[in-house]
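Engineer: Provide a 3D model corresponding to the input given below.
(one chain, ligands or ions: 1)
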Amino acid sequence: MELAPADIIRLEPDAVVVLDQTLLPQLRTERRCVSVPELITAIRVLAIRGAPALGVAGAMGVALAAAQAPTEPAAFRRAVTAAAAMLAAARPTAVNLAVGVQYALSAAHDSWEQPEQARRDLATAARAFHAAEVERCRRIGAHGAALFDDGARICTICNAGALATGGYGTALGVIRSLHEAGRAPSVWVPETRPLLQGARLTAWELGQAGIPHRVLPDGAVASRFALGEIDGVVVGADRIAANGDTANKIGTYALAVLAHHHGVPFHVAAPRTTIDPATPDGAAIPIEERAPAELGATVPADSPVANPAFDVTPAALIDSIITEDGVFRRPFAFDA
Ligand code: MRU
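Structural biologist: Below you'll find the predicted structure:
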């Protein structure tokens with residue numbers, strides 16, 4: 001059965017409950033985070049992940065902190081803002097995390113002196129932020145679908161689906177929109193090492209939605225381009241700099257270079273909460289380096305490992321950036 005937004009992440013009075021994405025597709029198990037430190041751990045281990053979903057987790061985390069903070073106004077405000085700072089720093093690359101935290105915090109700006117009211121305001125804001133992100137994804141899907149022909153064979157990477165956004169998806173939202181319109185997309189799904197978010201999560205979501213797809217070893221993607229079996233690429237984003245340079249899951253840059261070499265359109269799909277006007281270009285985007293152990297036990301214990309979670313695709317390789325407000329083309333200017 002397909003997931004509802006509340007199945008992916010929801011705020012309860014005493015917890016943020018997430019579907020544990022580390023266990024999918026074998027197990028569909030919820031992880032109940034009853035404190036901000038537990039939610040931060042869930043974020044760090046990728047039980048909840050994907051830039052827009054991280055924003056939702058950040059907003060809900062602030063509401064959870066408020067629910068558990070002391071009721072004396074000054075202490076309440078100190079506790080909530082300290083928790084907000086820890087949440088925003090839990091992962092560095094996806095700007096949405098800090099955006100979600102900030103969105104929730106700003107809902108309390110008139111009620112800091114009345115903690116009971118502030119608790120209600122923060123919880124309402126966190127749930128509203130979740131609903132708005134899902135709605136933004138639906139609009140991204142509709143705008144993006146116009147860029148593809150019927151029967152398009154589309155390549156994506158990692159998971160930019162409902163799981164990554166709290167519902168519907170960005171890159172997978174475009175593909176869902178095509179499918180819902182009866183326009184018969186099919187999808188190449190690179191496995192996306194080291195954590196196999198393509199093979200585990202995207203393949204699972206596409207299967208649930210009944211969308212034809214095939215999983216590929218990462219190293220096989222170039223051969224599909226060479227055979228002319230890819231008509232277009234659509235990927236998500238973790239942070240888009242002011243000039244359009246885009247950080248996304250490691251391997252995205254290689255996909256963009258391949259698309260460019262083979263004359264295949266390359267699109268980024270993301271809500272405007274992923275665009276960071278304070279980051280001028282890709283060189284300023286912090287890239288998360290993850291634990292060597294994620295590469296698995298086959299690496300000799302004394303071999304050094306590099307495990308960057310993201311890379312940056314320069315704007316020059318991106319044909320369009322699909323947002324809820326429409327499609328931006330190079331040279332990218334997002335202020336309007
Ligand atoms: O490390 P993750 O799983 O949080 O990274 C997520 C991605 O990079 C996804 O590919 C996605 O494009 C961005 S979120 C829609």
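Engineer: hey, let's count contacts and neighbours off CA atoms from now on
Structural biologist: Noted.
Engineer: Which positions in the stretch 151-300 of the chain make contact with the ligand?
Structural biologist: Taking CA under 6 Å from any ligand atom as the criterion, the stretch 151-300 of the chain approaches the ligand at residues 158-160, 164-165, 170, 235-238, 248-249.
Engineer: Show me the residues you listed that map onto helices.
Structural biologist: Of the positions in these, 164-165 sit in helices, assigned by DSSP state H.
Engineer: Of the residues of the stretch 151-300 of the chain next to the ligand - the most surrounded one?
Structural biologist: The residue in those with the most neighbours, by other CA atoms under 10 Å, is residue 170 (36 neighbours).
Engineer: residues in contact with it?
Structural biologist: Contacts for residue 170 were tallied using CA atoms under 8 Å, 6 or more residues apart in numbering; they are 137, 140-141, 160-162, 235-236, 269-271.
Engineer: give me that answer again for 7 Å
Structural biologist: For residue 170, the residues meeting the contact criterion (CA atoms under 7 Å, 6 or more residues apart in numbering) are 137, 140-141, 160-161, 236, 269-270.
Engineer: In JSON lines, list the residues of the stretch 151-300 of the chain next to the ligand along with pLDDT.
Structural biologist: Compiled in JSON lines, these are given as follows (pLDDT from 0 to 100):
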{"residue": "158", "pLDDT": "98"}
{"residue": "159", "pLDDT": "98"}
{"residue": "160", "pLDDT": "98"}
{"residue": "164", "pLDDT": "98"}
{"residue": "165", "pLDDT": "98"}
{"residue": "170", "pLDDT": "98"}
{"residue": "235", "pLDDT": "98"}
{"residue": "236", "pLDDT": "98"}
{"residue": "237", "pLDDT": "98"}
{"residue": "238", "pLDDT": "98"}
{"residue": "248", "pLDDT": "98"}
{"residue": "249", "pLDDT": "98"}
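Engineer: As TSV, the residues of the stretch 151-300 of the chain next to the ligand with distance to residue 112 would be great.
Structural biologist: Output for these, formatted as TSV (distance: CA to CA, whole Å):
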residue	distance to residue 112
158	40
159	38
160	36
164	32
165	29
170	35
235	40
236	36
237	34
238	31
248	36
249	38
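Engineer: helices or strands up against the helix or strand containing residue 255?
Structural biologist: In this structure, residue 255 sits in helix 252-261 according to DSSP states H and E. If you count contacts as 3 or more CA pairs under 7 Å, 6 or more residues apart in numbering; DSSP states H and E, helix 252-261 packs onto strand 310-313.
Engineer: I'd like to know which elements the strand it packs on is packed against.
Structural biologist: Other elements packing on strand 310-313 under the criterion 3+ CA pairs under 7 Å, 6+ apart are strand 246-249, helix 252-261.
Engineer: from these, which stretch is densest packed?
Structural biologist: Ranked by average neighbour count under the criterion mean count of other CA atoms under 10 Å, the helices and strands packed on strand 310-313 are headed by strand 246-249 at a mean of 27.
Engineer: residues touching residue 247, list them.
Structural biologist: Counting by CA under 7 Å, 6+ apart, the residues that residue 247 touches are 237-240, 310-313.
Engineer: What is the neighbour count of the closest residue to it other than its chain neighbours?
Structural biologist: The shortest distance from residue 247 to any residue other than its chain neighbours is 4.3 Å, reached at residue 312 (CA to CA, 6 or more residues apart in numbering). Here the neighbour count serves as a burial measure; for residue 312 (other CA under 10 Å) it reads 25.
Engineer: Show me what counts as buried in the longest helix along the chain.
Structural biologist: With residue count as the measure and DSSP H as the assignment, the chain has helix 115-145 as its longest helix. By neighbour count, with 16 or more other CA atoms under 10 Å as the criterion, the buried positions of helix 115-145 are 115, 118-127, 129-131, 133-145.
Engineer: which of these are close to the ligand?
Structural biologist: Under the cut-off given by CA under 6 Å from any ligand atom, the ligand has nothing from those close to it.
Engineer: residue contacts, the nearest residue to residue 77 once chain neighbours are set aside?
Structural biologist: Of all residues not flanking residue 77 in the chain, residue 112 sits nearest, at 6.3 Å (CA to CA, 6+ apart). Listed by CA under 7 Å, 6+ apart, the contact partners of residue 112 are 73, 77, 118.
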